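Student: what's the 3D shape of this:
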Amino acid sequence: MSATLEKTAPPSRVCNVTGFTIDRNGQQLALANAVAGVVMLSFGGVLAILIALQRQILPLSDDWWYRLLAAHGATMLLFWLLLFEVGALYWGSTMLLNSRMRAPKVAWANFAMMLTGIAMAQWAMLTGRATVMFTAYPPLEAHSAYYLGVLLFAVGVLVAIVLFFANIVMAKRDGTFTGSLPLVVYGLAAAAIIGVYSLLTGAIAYGMLFLHSVGLLETVDPATYRLFFWGIGHGAQQVNLAAMVAVWYALIGLTLGGRPVNEGLSRFAFLLYIAFIHLGAVHHLMVDPGTGMNHRIMNTSYMLYLAMFASLIHAFSIPASIETAQRGRGYRKGLFQWLKKGPWGEPGFSSLVMSVVFFGFIAGVSGVLMGYMQLNMIIHNTLFTVGHFHSTVVSGTTMAFMGLSYYLVPLLSQRRLRNVRVAKWQPYVFSGGVLLLTLAMMVAGRLGAPRRVADLSYENAQVGVDQFSTGPFPMMMGLVSVGAVLAVIGGAMFVWVMVATLLRGEKTDRPDAGLVYAFGTPERERVAAGVPAGERASAGTTAVMEPSGRLKGLAKRWHDFEAPGTYAIVLFFLLFFVVMYVVSHLGLARLWPVG
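Tutor: This next block holds a predicted model:
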C-alpha cells in the first residue's frame, strides 16, 4: 500500500535555499497564474498609456477612449490582481505549509476557464460591444459575452479559493505544519474569505445582467444591481488589501528575516478586516434611495472605524517589525539609522517600504475621507476618486506584488534573477510615476474635475464648458500624462526582468534571488558548503513560515520591543491624518456654508 502511494504521489523537491518542500504541481500552478497576471499587467499598462496620452499626443476618438478605459479598468482591477492572488494562494497553501497541491487537474482546468473568461470579456470591450465601464450600471447594456466572461473568471477565482482551503485542511491532517497557520498564510486566508462574499455578490450582479442580455430576465432594477455590484466593485479592493498586508509580512521575512512584533495582534487585525472591511462599500450608495440614513451613518462611521483600527494596527506593526529587525543587526543610533541602513538596493525591500508609505499616507488617508459620508459628497465621481484607487491598487498592491515576485519567481523557477541593475531601479521609477499621476488626479478632482470624461474641455458641446480648459486643470492633466509615462516605463522594467529571468535566467537549484539579509552571505556559504537544506534554518524561512505567537498571548514579545523610530513615524502619520481631515472639512464648509 505504501509503495503504491509513493508511486502515485505528486513529485516534490526541497528548495536548497529556503529548505521548503515544494510540490511541483503547486509550483507550476502558482507560476502559471502569476505569469498570466503579469501578462494582464502588461496589457493594462499599454491601455493606460494610450488613455493618458489621448488628448496630448494620440488622436483617439471618444469611442475608442471609452473602449480602452473599460478594458483598462477590468484588466487592472480584476484580471491582473486576482490572477496574481490565486498564484499567491497556491504558493501559500503548498510551499509555506510544506504540503501538496490537491486536485491539480481541477486547478489546471479552472485556470483554462479563467483565461477563457478573460478572452471573452476583452473581446467584447475592445470591439465596442461592452463600453459600459467597470461598473456596468443598467440600463447600459453590453454583449452577453462580456457578462459571461466576467462570470467565468469570478467562478474560477472562487474554485481556486476552495482549493486553497482544501490544501490547508489536508496539510493540517497530514501534519505538515503544527499549531497556528503561519501569519502570511493566515493573511491570505483572510483575503480568501473576503474574496468569497465579494465574488458571490459580483456573480449575482453580473448574473442578472447576463440573464437580461440573453432575454431570460425582462429588466434589472438599477438599485438592486448597485447594491450587489459594490460587493465586488469595492470588495475586490478589500481582497487586495488583505493580500497586500500578508505580502508585506512575507517581504519583512524575505528581505530582513524580521518578524511581527506581536503576531497575535496582527492576526486580530485580519479578523477585523473579515468582519468589517466590506461594509465601507456603502459609501458608493450614499445617494441611493434604497439605503436608509441609519444604515449609511452606521457603516460610514462605527463600522468604518473598526476596519480603520485594523489598518492602524498593521500601520504600526509593519514599520516596527522592520525597525526591530534592523536594530537587531546593530543599527541602533538615533531614531532612523535602521531606516537609513536598510537594503535600499534590494528591490523587495524598496518595494515594501514604498508600498507601505504610499498606501498609508495617500491611499489610507484618502480612503477614510471618502468613506466619511459628508466628505464623500464633495469628491465622489471626481478625478480624486480615480487618484485614490490608483494609490491603492497601484502604489500599494501592485508595488507589493512586484516586490514579492523578485523572490518567488527565481525560487519557484529555479533560475537566477536577470537584469539585477534594472531590478534595483525599477521600484523607484514605477512608484515615482504613480505618485505623480495620483497626486495630480487628486488635486484636479479636489478642484472639481469629473471622472470618466474623455475631454475635460467638452469640445463641441451644445452648452459650452470652459471651467476645465483654463487655470490649473491643463497642467494637472499634463502631470497625469507624465506620471503615466514614468509608471509604464517602471512597469515595463519589471516585466523585462521577470521575462528575462524565466526565459534566460541561469538554471540552478540554488537561486539566491539577490536576497541580501534573510538569505545573505552566511547562508550562501552554507549552501556552497553543501549543508543539507533540512539542516539549514535561515532567518527568512523561519520568519515567514513559523508562527511567533497566539491570539491568547497578545502581550508576548513586548518585553524586548524597541522601536522609537516607528513611534515618531506613527505620530507624524496621525498628525498628517488630522491635517487632511481638517482641510477636507474646511472645503466642505465652503461648499455648504452654515448660517
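
Student: Do I have it right that Phe165 meets Leu188?
Tutor: No. Look at Phe165 against Leu188 with Cβ atoms under 8 Å: they stay out of range, at 10.5 Å. For glycine as for every other residue, the C-beta is placed from the backbone atoms N, C-alpha and C.

Student: what about those two, which has more around it?
Tutor: The residue with more neighbours, out of Phe165 and Leu188, is Leu188; 30 against 16, by other Cβ atoms under 10 Å.

Student: In contact with Gly371, which residues are there?
Tutor: By Cβ atoms under 8 Å, 6 or more residues apart in numbering, the contact set of Gly371 is 280, 283, 300, 304.

Student: now it: how far from Val365?
Tutor: Distance from Gly371 to Val365, counting by Cβ to Cβ, to the nearest Å: 11 Å.

Student: that older thread, now flag whichever of the contacts of Gly371 is closest to Leu126.
Tutor: Checking the contacts of Gly371 against Leu126 by Cβ to Cβ gives His283 as the nearest, at 31.1 Å.

Student: Now for that closest one, how many residues are close by?
Tutor: There are 22 residues near His283, going by other Cβ under 10 Å.

Student: That one against Leu369, yeah?
Tutor: No. Contact criterion Cβ under 8 Å: His283 and Leu369 do not qualify, at 10.1 Å.

Student: Need the overlap of contacts for the two.
Tutor: Residues touching both His283 and Leu369 (Cβ under 8 Å, 6+ apart) are Asn376.

Student: Give the residue spans of the stretch 401-550 of the chain that score low on pLDDT.
Tutor: Applying pLDDT under 70 to the stretch 401-550 of the chain picks out residues 459-469, 512-550.

Student: can I assume Ile22 sits in a strand?
Tutor: Yes. Using DSSP: H, G, I helix; E, B strand; the rest coil, the assignment for Ile22 is a strand.

Student: Which residues are in contact with Gly403?
Tutor: 247, 251, 347-352, 355, 427.

Student: what does His295 give?
Tutor: Per Cβ under 8 Å, 6+ apart, neighbours of His295: Val282.

Student: That one: which element?
Tutor: Using DSSP states H and E, His295 sits within helix 293-299.

Student: number of nearby residues for the residue lying closest to Val155 once chain neighbours are set aside?
Tutor: Excluding its sequence neighbours, the residue lying closest to Val155 (Cβ to Cβ, 6 or more residues apart in numbering) is Ala203, at 6.7 Å. Neighbours of Ala203 under the rule other Cβ under 10 Å: 19.

Student: for Ala203, what are its contacts?
Tutor: Here Ala203 is in contact with 151, 154-155, 158 (Cβ under 8 Å, 6+ apart).

Student: Nearest spatial neighbour of Ala223, chain-adjacent residues omitted?
Tutor: Gly290 (4.4 Å).

Student: Pretty sure the one you found sits in a helix.
Tutor: No. Counting by three-state DSSP, Gly290 falls outside a helix, being coil.

Student: Give me the phi and psi for it.
Tutor: Per-residue torsions, Gly290: phi -80, psi -10 (degrees, to the nearest 10).

Student: And Arg102, by the same measure?
Tutor: Dihedral angles (degrees, to the nearest 10) for Arg102: phi -80, psi 140.

Student: Give me the distance between the closest residue to it other than its chain neighbours and Val497.
Tutor: Nearest residue to Arg102 in three dimensions, chain neighbours excluded: Ala166, at 4.8 Å (Cβ to Cβ, 6+ apart). Ala166 is 33 Å from Val497, where distance means Cβ to Cβ.
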